[in-house]
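Asker: I need the structure of the sequence given here:
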Amino acid sequence: MTMALDQIIDCLTRTGLDRDTVIRETLESLRSAGEEPDGNALLEQLTADSRITPWQSGRILSGNGFELTMGNYILQNLIGEGGMGTVFKALHRRMQRVVAIKTLKLQDKGSDSAIGRFKREVHAAARLNHQNIIAAYDADECELGHFLVMEFVDGSDLRQIVKKQGPLRTSAAIDCILQSARGLSYAHSQGVIHRDIKPANLMRDAGGVIRVADLGLAQLKETAAGENLDDGLSVAGTMSGTVDYMPPEQAMDSSSVDERADIYSLGCTLFFLMTGKRMFVVGSSITRLMAHQTQPRPSISEIRDDVPETLEKIYERMTAINANERFQSMDEVVAELEKLAAPTSETNWADLTAFVIENSRMQSRVIQKYLNVLGIDDVHLHSTGTETLEELDRMPSDLIIATAELPDMTGVEMARRIREEIRWSHAAVILMCSSELTSDAQERLSQLPAIEVLTKPFDVAGLQQAVENAIKAERPEPRLAGFENMEVMVVDDSAVWRRRMLEVLSQLGFESFTVCTDGTEAVEALAERHFDLVVTDYNMPQMDGNELIRYIRNESDQRAVSIVMVTTEYDPIKLAEVYQLGVSAICNKSFDPQLVRNILIRLFG
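Answerer: Here you go, the predicted structure:
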């Protein structure tokens, strides 16, 4: 559809999308290029410049630009549409805060019952304030109808994650269910029963935090004032929910369920996360609904072999047909799952990289499975000391678990070489022994700092204790004098590599850091404080390393600051361009401590 330029400008102005003279500047830019723009050309350029989104442009062109604002919010994108409503990504005009907005579906906007259910969701959301439940910020009504403003979660729901990546690792599935259970336990304490728990209603953000979403079918218990917010909405004898996650009693009468209904649905969700399948997949909706009421529960451990017996029992109890045979509260579920979850530690065990060095492949697999149960999923198996040391040159490891007798060297010898090398000195080291070490080995081991000895055979609890001790053990700090008072900026869009850079720089003596996720954040930080060193990634989504260096050397008031570029780029032409921009040094992405140390000595003397 083609629209006149003045129509487009009028629509952009009325919807609040014309800000900071953006339209005027865009039109001047188009005209300076020798083009007399029409409405479509203006929208195309605004979209290309990320001033508006393709979805906003499409709504304007279709004649629905008036639908882009709801109260103080500008709709940016369509997130999704379900049976109960439509959800948009939006921006608050004044606060510039990104939010999610839920509205009634168009066909429901005149329905008293739909409006009643929507208001019930608003009331339910207003009761809840918990880190594992999507927060509600506001609720209002405009000419387009009722809407609920919620926290925007930058992530995906668990259904989409499993669909794209396959079943989760055991530790990850436990963590997702445990976080969900904590949020639901809080909701139950506030008188809210969700009644539609399923993978699609559990969101995981980029940091791994789970949030319970969509309270559209929630049941509210009587409030402190005696108000029954479910009057006329939850009708006795009716069914609501999602068939594949619905407890038997909810299928009979959704108005009379209690917190045990959410426990059942969460158990069904656990099965899906572990297997990638629904509990019952054959037949029509009615057939599957009846299966939940009459058929034995399918076993997770018959589908995959890394399921702890305790987890299987928890799942069986959560999904018992008779509600009286389930856990009777979500607090009980939380307590049992916490026994299986990764231990609390100053170190986030889920982020650890572990090397297991063991002659027996079967023993290696057993140890790997134990580490997975403890929440450590990034595990690499090796059979010789030489192979391990070569791999350490390419990939840093946080935890090294080695048997005492290796084909090419002793475990003590390998531990010595690890402790003497600055690049690996930060690693926690565990030495596994089938019997007591010889007096000579004990003597040599005593001269090495922070080596934990673990006697075979051991179970998960024994390995957990050894890992805790090894991580907590004090290790030598290869620090360089004079760095503790320097200000350092670290710029990288990857949380994993930011952690790596901070870890190495901390080991070398730096203490004061400013962390940025891209070049644009770095520019803002440079305007606020002085830095002695900038360490930046090469490739970043918004403002890359080259652009940042160009800004620092040509436009900032800190043009003499030392800059280290971290990159996987090996093209000599591209690297030459980086040096021409004025970078002080280039380091490969592994951020090898010895190499970084040498660079810093060269830069600061």
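Asker: C-alpha only now, for contacts and for neighbours.
Answerer: Will do.
Asker: could you export stretch 22-31 as PDB, CA atoms only?
Answerer: Only the C-alpha atoms of stretch 22-31 are listed here, as PDB (Å, rounded to 0.1, in the frame of the first residue of the first chain):
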ATOM      1  CA  VAL A  22      14.100  12.400  13.400                       C
ATOM      2  CA  ILE A  23      11.700  12.800  10.500                       C
ATOM      3  CA  ARG A  24      13.200  16.200   9.500                       C
ATOM      4  CA  GLU A  25      16.800  14.900   9.600                       C
ATOM      5  CA  THR A  26      15.800  11.700   7.600                       C
ATOM      6  CA  LEU A  27      14.000  13.800   4.900                       C
ATOM      7  CA  GLU A  28      17.000  16.100   4.600                       C
ATOM      8  CA  SER A  29      19.300  13.100   4.300                       C
ATOM      9  CA  LEU A  30      17.100  11.600   1.500                       C
ATOM     10  CA  ARG A  31      16.900  14.900  -0.400                       C
END
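Asker: partners of the longest strand along the chain in the sheet?
Answerer: Using DSSP state E, we find that the single longest strand of the chain is strand 73-81. Here strand 73-81 is paired, per DSSP bridges, with strand 69-70 (antiparallel), strand 86-92 (antiparallel).
Asker: will you turn the ones you listed into CSV that also has distance to residue 187?
Answerer: Formatted as CSV, the strands paired with strand 73-81 follow (distance: least, C-alpha to C-alpha, whole Å):
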stretch, distance to residue 187
strand 69-70, 29
strand 86-92, 22
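Asker: turn these into CSV, including mean pLDDT.
Answerer: Formatted as CSV, the strands paired with strand 73-81 follow (pLDDT from 0 to 100):
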stretch, mean pLDDT
strand 69-70, 85
strand 86-92, 89
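Asker: which element is residue 453 on?
Answerer: Using DSSP states H and E, residue 453 sits in strand 451-455.
Asker: what pairs with that strand, parallel or antiparallel?
Answerer: Strand 451-455 has the following strand partners under DSSP bridges: strand 428-433 (parallel).
Asker: I'd like the strands paired with strand 73-81 laid out as JSON lines, including mean neighbour count and distance to residue 267.
Answerer: Shown next, in JSON lines, are those (neighbours: other C-alpha atoms under 10 Å; distance: least, C-alpha to C-alpha, whole Å):
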{"stretch": "strand 69-70", "mean neighbour count": "22", "distance to residue 267": "38"}
{"stretch": "strand 86-92", "mean neighbour count": "21", "distance to residue 267": "27"}
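Asker: rewinding a little: other residues contacting the longest strand of the chain?
Answerer: 15-17, 52-53, 55-56, 68-69, 86-93 (C-alpha atoms under 8 Å, 6 or more residues apart in numbering).
Asker: buried residues, that strand. List them.
Answerer: 73-77 (16 or more other C-alpha atoms under 10 Å).
Asker: greatest separation within the residues you listed: which pair is it?
Answerer: 73 and 77 (12.1 Å; C-alpha to C-alpha).
Asker: still on that earlier bit, just how off-centre is the longest strand of the chain within its chain?
Answerer: 22 Å (C-alpha atoms, centre = their mean, to the nearest Å).
Asker: then stretch 67-79?
Answerer: Centroid separation for stretch 67-79 versus its chain: 26 Å, with C-alpha atoms, centre = their mean.
Asker: how long is that stretch from one end to the other?
Answerer: 15 Å (C-alpha to C-alpha, to the nearest Å).
Asker: quick one, phi/psi of residue 414?
Answerer: Main-chain dihedrals, residue 414, degrees, to the nearest 10: phi -60, psi -40.
Asker: which residues does the residue lying closest to it once chain neighbours are set aside contact?
Answerer: Excluding its sequence neighbours, the residue lying closest to residue 414 (C-alpha to C-alpha, 6 or more residues apart in numbering) is residue 385, at 6.3 Å. Counting by C-alpha under 8 Å, 6+ apart, residue 385 touches 357, 406-409, 411, 414.
Asker: ok, back up a step: and of the strands paired with strand 73-81, who's closest to residue 447?
Answerer: strand 86-92 (59.0 Å).
Asker: contacting residues around the closest one?
Answerer: By C-alpha under 8 Å, 6+ apart, strand 86-92 touches 72-81, 97-105, 152.
Asker: make it 10 Å
Answerer: The set of residues external to strand 86-92 that reach it, using C-alpha atoms under 10 Å, 6 or more residues apart in numbering, is 68-81, 96-106, 147-153.
Asker: what do you get for stretch 4-23?
Answerer: 2, 24, 28-29, 37-43, 45-46, 51-52, 56-57, 60-61, 63-70, 72-75, 93.
Asker: if you set the cut-off to 7 Å instead, what comes out?
Answerer: Residues from elsewhere that reach stretch 4-23 (C-alpha atoms under 7 Å, 6 or more residues apart in numbering): 38-39, 65-66, 68-69.
Asker: so residue 370 lies in a helix, does it not?
Answerer: Yes. Under DSSP: H, G, I helix; E, B strand; the rest coil, residue 370 sits within a helix.
Asker: list the contacts of it.
Answerer: Residue 370 sits next to residue 460 when contact means C-alpha under 7 Å, 6+ apart.
Asker: hmm, which of the contacts of residue 385 are the buried ones?
Answerer: Buried members of the contacts of residue 385, scored by 16+ other C-alpha under 10 Å, are 357, 406, 411, 414.
Asker: narrow those to those in strands?
Answerer: Counting by DSSP E, the buried ones among the contacts of residue 385 place residue 357 in strands.
Asker: output the buried ones among the contacts of residue 385 as a markdown table; include the columns distance to residue 487 and pLDDT.
Answerer: Converted to a markdown table, the buried ones among the contacts of residue 385 look like this (distance: C-alpha to C-alpha, whole Å; pLDDT from 0 to 100):
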| residue | distance to residue 487 | pLDDT |
| --- | --- | --- |
| 357 | 39 | 95 |
| 406 | 44 | 91 |
| 411 | 40 | 88 |
| 414 | 36 | 89 |
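Asker: show the contacting residues for residue 190.
Answerer: So residue 190 contacts residue 127 (C-alpha under 7 Å, 6+ apart).
Asker: tell me the pLDDT of it.
Answerer: Residue 190 is assigned 88 on the pLDDT scale.
Asker: the one 10 residues further on now?
Answerer: The score at residue 200 is 92. That number is its pLDDT.
Asker: now the helices for the stretch 251-400 of the chain?
Answerer: Shown for the stretch 251-400 of the chain, the helices assigned by DSSP state H, counting those that start in this stretch span residues 259-275, 285-294, 309-318, 330-340, 361-373, 385-394.
Asker: list the buried ones in the last one?
Answerer: It refers to helix 385-394. In helix 385-394, counting by 16+ other C-alpha under 10 Å, buried: 385, 388.
Asker: output it in CSV with nothing but the alpha carbons.
Answerer: Taking Å, rounded to 0.1, in the frame of the first residue of the first chain, the C-alpha atoms of helix 385-394 are listed here in CSV:
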residue,chain,number,x,y,z
GLY,A,385,48.3,-35.9,30.8
THR,A,386,49.9,-34.7,27.6
GLU,A,387,46.6,-34.5,25.8
THR,A,388,45.2,-32.5,28.8
LEU,A,389,48.0,-30.0,28.8
GLU,A,390,47.8,-29.5,25.1
GLU,A,391,44.0,-28.9,25.4
LEU,A,392,44.6,-26.4,28.3
ASP,A,393,46.7,-24.4,25.8
ARG,A,394,43.6,-24.0,23.6
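Asker: and that helix, what's its mean pLDDT?
Answerer: pLDDT averaged over helix 385-394 gives 86.
Asker: now the second one
Answerer: On average, the pLDDT along helix 285-294 is 91.
Asker: report the buried residues of that helix.
Answerer: So, applying 16+ other C-alpha under 10 Å, buried residues of helix 285-294: 288-289, 291-293.
Asker: cool, the third one as well?
Answerer: Neighbour counts over helix 309-318 (16+ other C-alpha under 10 Å) mark 311, 314-318 as buried.
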